[in-house]
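>>> Got a predicted structure plus its sequence, pasted below:
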Amino acid sequence: MKRAIATVSMPGALSEKLGAAAEAGFQGVELFENDLTYFDGRPEDVRELARSLRLEIIALQPFRDFEGLPEPARAKAFERAKRKFELMGRLGTPLLLVCSSIAPEALGDMDRIAADLHELGELAGQFGVTVGFEALAWGRHIDDYRQAWAAVERAGHERVGVILDSFHMLAPHLPVDDVARIPAERIALVQTADAPGIAMDLLFLSRHFRCFPGQGDLPVATMVQQLQKIGYDGWLSHEIFSDEFRAASTRRIAIDGMRSFHWLGEQLAGAAPGAALPAIDGVEFIEFVDDGNRPSAELVRLLRGLGFRRTHRHRSKQVELYRQGEINLVVNREDEGFAHAFYLLHGLAVGAIALRVDDPAAATARAKAMLASPFVGPIGKGELKIPAVRGVAGSLLYFIERPGPRGAFFDVDFVPDPEAEAPPALGLERIDHIAQVVAETELPSWVLYYKAILGLEVAARTDLADPHGLIVSRALTNADRTVRLPLNTSGAERSAAGRFLQQTAGAGAQHIAFACADILQAAAALPAELKLQAPENYYEDLAARFDLDPALLERMQALRVLYDRIGAGEFFHLYTKAINGVFFEVVERRGGYDRYGEANAPVRLAAQAAAERSAAEVITELRG
């Protein structure tokens with residue numbers, strides 16, 4: 001099937017939209033008439049621009065409120081149609097999209113509707129063009145694709161076909177099996193869109209939350225599979241309406257659209273366009289960027305307080321390695337190159353995440369095929385060449401092989417640190433999850449990025465109550481939960497997510513959670529001044545909500561450990577204070593608990609807001 005995108009799906013001026021669509025690899029575009037109305041030029045200029053970009057203008061849309069009208073509105077509708085057909089000739093497009101009427105005066109008699117469509121087909125034939133009829137989910141009389149097909153079939157005109165739209169089929173939960181009853185040659189166009197699985201008025205959901213397939217929760221692949229069964233090989237065209245996309249960059253949205261097609265194609269064919277999904281078995285290291293001239297004493301103090309020791313130094317760079325259990329934390333203080341540039345933009349931050357994969361080259365090939373941007377940095381003599389692609393906020397996502405004959409990555413690029421001192425061990429074992437903050441306009445993009453490139457599963461949306469605004473979270477994981485990547489965003493600037501984006505210029509990773517076997521032992525070893533203090537009332541509430549042993553609850557309160565329970569699963573966790581917005585979490589999971597302690601998020605968010613206010617007050621006093 002050929003791939004197109006409706007110009008309404010992208011922000012910007014029409015020329016920008018066409019250029020971005022061509023660059024992303026689309027073969028055609030549906031031209032939204034408002035884009036033409038606002039274009040400073042003639043329809044012939046649009047036709048020539050599209051031709052120069054090797055894009056087909058596959059349709060003009062939308063033509064509204066046509067069928068079933070009484071006179072004199074009916075005559076006026078045909079006059080409008082004639083003008084559109086003349087315009088289509090100037091644009092060089094063969095198809096007019098007609099959506100089912102929502103006009104209050106429209107009549108619902110099917111014979112009348114079919115007669116209108118037949119006569120419209122006759123008029124279209126005079127101009128050498130065709131018509132596609134689409135059922136809007138909120139149409140006055142026709143709101144089901146099966147009704148639209150019945151009207152087209154009854155009209156019986158070769159220049160009138162049916163248009164299928166995944167949103168209008170799947171959001172109202174219509175069965176898709178009946179697609180098999182429609183001859184493939186009578187389908188004029190197929191539009192593809194996804195949406196979050198939330199209960200909402202369909203018109204409002206469509207206008208504000210439509211997203212690309214793979215970014216929402218609708219079974220778009222199931223619908224397209226039905227088209228494959230009947231042999232449809234015409235155009236698939238993304239048609240998206242979203243408040244977030246309207247505020248994003250034209251180029252990024254076009255890339256998202258093509259990445260969505262790659263992902264959708266994989267769901268249908270069972271094969272990636274570049275390489276199979278990488279087998280991931282965890283996070284190999286997290287790399288912080290820091291100031292080489294004035295290293296952060298706070299970061300070192302916090303890492304040591306958490307039981308990490310500096311075990312290695314890089315052979316040729318200002319890079320140190322801190323280790324504990326299976327956890328590797330790299331601190332990069334180079335004064336040039338990527339790390340330095342990232343530090344200048346974001347301050348102390350996570351600049352890179354390295355995933356252990358079975359085949360780094362294949363993982364990189366897949367990422368490139370899914371339109372990720374590759375990164376190649378300078379490699380010193382004898383150092384490992386670790387492939388990478390750009391991730392959230394321009395950070396790096398490395399693909400690194402599991403330890404082999406040469407040992408782990410630090411056995412090659414690093415030397416043991418003879419000055420290393422052993423801090424008190426907290427028993428931290430591995431990285432449990434890495435939570436990243438993204439701009440509100442970018443959340444769907446990064447959800448699709450991780451699904452397409454790594455094959456991660458995405459959980460349903462979770463709303464976190466911040467004292468200063470709502471935070472939306474979507475967690476992505478691999479099948480065995482060795483990689484967990486919650487993505488958080490907020491439209492409220494004063495929320496914790498909003499403050500982090502402002503403070504760090506959108507650095508990405510905000511909090512890192514470490515798993516341990518004994519949270520109480522770890523909490524006892526972690527210095528109290530490094531902990532985020534939960535309010536006393538929280539523990540009163542715990543006593544009322546759960547039948548915890550009083551002695552355990554008292555110890556948890558003394559150590560500032562939080563708690564959640566779902567079924568037989570239990571979750572114990574605590575947080576550290578933040579440095580430049582970045583903080584750590586220590587967790588213990590029991591009984592198959594698979595969430596992130598969301599019930600305690602409001603407590604954590606309130607405590608962080610209070611801690612930031614206190615820090616600001618101290619600074620104000622010192623300055624005064």
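Everything's here; your move. Residues are numbered from 1 along each chain as shown.
>>> Does the spatially most central residue of the chain lie in a helix or a strand, and which?
Per Cα atoms, centre = their mean, the C-alpha nearest to the average position across the chain is that of V447, at 2.4 Å. Per DSSP states H and E: V447 is located in helix 443-454.
>>> Name the residues of that helix that are buried.
Neighbour-count burial for helix 443-454 flags 443-454 (criterion: 16 or more other Cβ atoms under 10 Å). Every C-beta, even on glycine, is put in place using the N, C-alpha and C of the backbone.
>>> tell me the mean pLDDT for that helix?
Helix 443-454 shows a mean pLDDT of 96 in the predicted model.
>>> go on, stretch 41-55?
For stretch 41-55, the mean per-residue pLDDT is 97.
>>> now stretch 517-529
For stretch 517-529, mean pLDDT rounds to 96.
>>> and what of stretch 131-151?
pLDDT averaged over stretch 131-151 gives 97.
>>> now the closest residue to G92 other than its chain neighbours: how far from L91?
Closest residue in space to G92, ignoring its immediate chain neighbours: R47 at 4.6 Å, by Cβ to Cβ, 6 or more residues apart in numbering. Distance, R47 to L91, by Cβ to Cβ, to the nearest Å: 5 Å.
>>> where do the contact lists of these two overlap?
Common neighbours of R47 and L91, using Cβ atoms under 8 Å, 6 or more residues apart in numbering, are I57.
>>> hang on, isn't the residue nearest to G92 packed against I57?
Yes: contact criterion Cβ atoms under 8 Å: R47 and I57 qualify, at 6.8 Å.
>>> The two: which has the busier surroundings?
I57 (25 against 17; other Cβ atoms under 10 Å).
>>> So the more buried one, which state does it fall into?
Under DSSP: H, G, I helix; E, B strand; the rest coil, I57 falls in the strand class.
>>> Please name the nearest non-neighbouring residue to it.
That would be T93: by Cβ to Cβ, 6+ apart, it lies 4.2 Å from I57.
>>> Pull the number of nearby residues for the one you found.
Residues near T93, counting by other Cβ under 10 Å: 24.
>>> try the one 4 residues further on
The local packing of L97 (other Cβ under 10 Å) involves 27 other residues.
>>> Quick check, it in contact with R64.
No: the pair L97 and R64 does not pass the contact test of Cβ under 8 Å, sitting 9.7 Å apart.
>>> Phi, psi for the closest residue in space to L456 that isn't next to it in sequence please.
Spatial nearest neighbour of L456, chain neighbours left out: L476 (4.0 Å); criterion: Cβ to Cβ, 6+ apart. Main-chain dihedrals, L476, degrees, to the nearest 10: phi -120, psi 140.
>>> same thing with the one 4 residues further on?
With angles defined as degrees, to the nearest 10, D480 sits at phi -100, psi 10.
>>> Name the residues contacting each of R47 and I57.
Taking Cβ under 8 Å, 6+ apart as the contact rule, R47 and I57 both touch 91-92.
>>> and the helix or strand V29 falls within, what's its mean pLDDT?
Following DSSP H and E, one finds V29 within strand 28-32. The average pLDDT for strand 28-32 rounds to 98.
>>> Contacts for it, please.
Residues from elsewhere that reach strand 28-32, judged by Cβ under 8 Å, 6+ apart: 2-8, 17-18, 21, 46, 50, 55-62, 91, 93, 97, 189, 191, 235, 237, 239.
>>> Can you tell me which of these are classed as buried?
Among the contacts of strand 28-32, those classed as buried by 16+ other Cβ under 10 Å are 3-8, 17-18, 21, 46, 50, 55-62, 91, 93, 97, 189, 191, 235, 237, 239.
>>> Could you give me the buried positions within stretch 298-309?
Buried residues in stretch 298-309, counted by 16+ other Cβ under 10 Å: 299-300, 302-309.
>>> could you dump it to CSV, C-alpha only?
Listed next in CSV are the C-alpha coordinates belonging to stretch 298-309 (Å, rounded to 0.1, in the frame of the first residue of the first chain):
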residue,chain,number,x,y,z
GLU,A,298,26.7,17.2,45.7
LEU,A,299,26.6,14.5,43.1
VAL,A,300,29.6,12.7,44.6
ARG,A,301,28.2,13.0,48.1
LEU,A,302,24.9,11.6,47.0
LEU,A,303,26.4,8.7,45.1
ARG,A,304,28.6,7.8,48.1
GLY,A,305,25.7,8.1,50.4
LEU,A,306,23.8,5.6,48.3
GLY,A,307,26.7,3.2,48.7
PHE,A,308,28.5,3.7,45.4
ARG,A,309,32.3,3.7,45.2
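>>> Quick one: residues in contact with it.
288, 290, 322-324, 327, 329, 331, 348, 420-428, 514, 522, 525-527, 530, 576-577, 579, 584, 586.
>>> Rebuild the buried residues of helix 443-454 as CSV, extending it with distance to A534.
Below are the buried residues of helix 443-454 laid out as CSV (distance: Cβ to Cβ, whole Å):
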residue, distance to A534
L443, 28
P444, 33
S445, 34
W446, 30
V447, 30
L448, 36
Y449, 34
Y450, 31
K451, 34
A452, 38
I453, 37
L454, 34
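>>> still on that earlier bit, hang on, the residue nearest to I57 packs against Q61?
No: checked against Cβ under 8 Å, the pair T93 and Q61 is beyond contact range at 9.7 Å.
>>> coming back round to it: sort out for me which of the buried ones among the contacts of strand 28-32 are in helices.
17-18, 21, 46, 50, 91 (DSSP state H).
>>> Out of the residues you listed, which comes closest to L371?
Distance to L371, by Cβ to Cβ, is smallest for A21 among these, at 13.6 Å.
>>> check contacts around that closest one.
A21 makes contacts with 5, 7, 10, 29, 53, 55, 254, 257, as judged by Cβ under 8 Å, 6+ apart.
>>> Just send the residues you listed back as TSV, with distance to F409 too.
Shown next, in TSV, are these (distance: Cβ to Cβ, whole Å):
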residue	distance to F409
I5	41
T7	46
M10	40
V29	45
L53	44
L55	45
A254	36
G257	36
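>>> ok, which pair from these is furthest apart?
Using Cβ to Cβ, those span at most 15.5 Å, a distance reached by L53 and G257.
>>> more crowded one of the two?
Taking neighbours as other Cβ under 10 Å, L53 and G257 compare with G257 leading, 28 against 16.
>>> Please put the alpha-carbon coordinates of stretch 559-567 into PDB.
Extracted in PDB, the C-alpha atoms of stretch 559-567 (Å, rounded to 0.1, in the frame of the first residue of the first chain):
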ATOM      1  CA  LEU A 559      13.400   5.700  57.900                       C
ATOM      2  CA  ARG A 560      11.100   7.600  55.600                       C
ATOM      3  CA  VAL A 561      10.100   4.600  53.600                       C
ATOM      4  CA  LEU A 562       6.900   4.700  51.500                       C
ATOM      5  CA  TYR A 563       4.600   1.800  50.800                       C
ATOM      6  CA  ASP A 564       2.000   0.500  48.300                       C
ATOM      7  CA  ARG A 565       0.200  -2.700  47.800                       C
ATOM      8  CA  ILE A 566      -1.800  -4.100  44.900                       C
ATOM      9  CA  GLY A 567      -3.200  -7.600  45.500                       C
END
